[in-house]
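Peer 1: Provided below are the primary sequence and the corresponding predicted coordinates.
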Amino acid sequence: MSVDRTLAALADPHRRGVVALLRKGPLRAGELAERTGLSPAAMSRHLRTLRSAGLVEETHPDFDARVRIYALNPKPIAALRAWLEETEDLWAAQLQGLKAHVEKRK
C-alpha cells in the first residue's frame with residue numbers, strides 16, 4: 001500500500017525536515033544537506049528513501065547532469081490525506097454510535 005510507504009518514509013525526523021524544506025520549492029541535494037546539517041552521504045540515503053516512497057522527484061538541469069534537484073511529488077501526500085480523512089470519518093461515526101448508545105441507557 002502506498003500509504004504504508006509514505007508513513008514509513010515520513011517516520012524519520014530528518015526526512016520530514018527535507019519535506020518541510022521542499023514545501024518552499026525545489027532544492028539541490030547539496031542545499032538540502034547543508035540546511036539540515038547532514039553529510040552528503042546521509043542526505044543521499046534519506047533522498048533515496050523519499051524517492052522510493054514517491055514523495056520526491058529528481059530532475060537534472062540541462063547545463064549539468066551531475067546536479068540533482070529535488071521537488072515534492074504531491075500524489076503520495078494526497079493519498080495519505082484521503083486515507084486520514086476516511087479514518088477520521090470512521091472514528092467519528094463510531095463515536096457518534098457510542099454516544100447514542102450511552103444516551104439511550106440513561
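Peer 2: That came through fine.

Peer 1: where does this protein dip in pLDDT?
Peer 2: For the chain, the stretches with pLDDT under 70 are 1.

Peer 1: where's stretch 28-43 relative to the chain centroid, distance-wise?
Peer 2: Distance, stretch centre to chain centre, for stretch 28-43: 18 Å (CA atoms, centre = their mean, to the nearest Å).

Peer 1: residues of the helix ranked longest in the chain that come out buried?
Peer 2: Taking DSSP state H as the criterion, the chain has its longest helix at helix 74-105. Within helix 74-105, the residues that count as buried by 16 or more other CB atoms under 10 Å are Pro76, Ile77, Ala79, Leu80, Trp83. Every residue, glycine included, has its C-beta placed from N, CA and C.

Peer 1: dump the residue contacts of the spatially closest residue to the fourth one that is not a sequence neighbour.
Peer 2: The reference is to Leu80. Spatial nearest neighbour of Leu80, chain neighbours left out: Thr6 (5.0 Å); criterion: CB to CB, 6 or more residues apart in numbering. Counting by CB atoms under 8 Å, 6 or more residues apart in numbering, Thr6 makes contact with Ala53, Gly54, Leu55, Pro76, Ile77, Ala79, Leu80.
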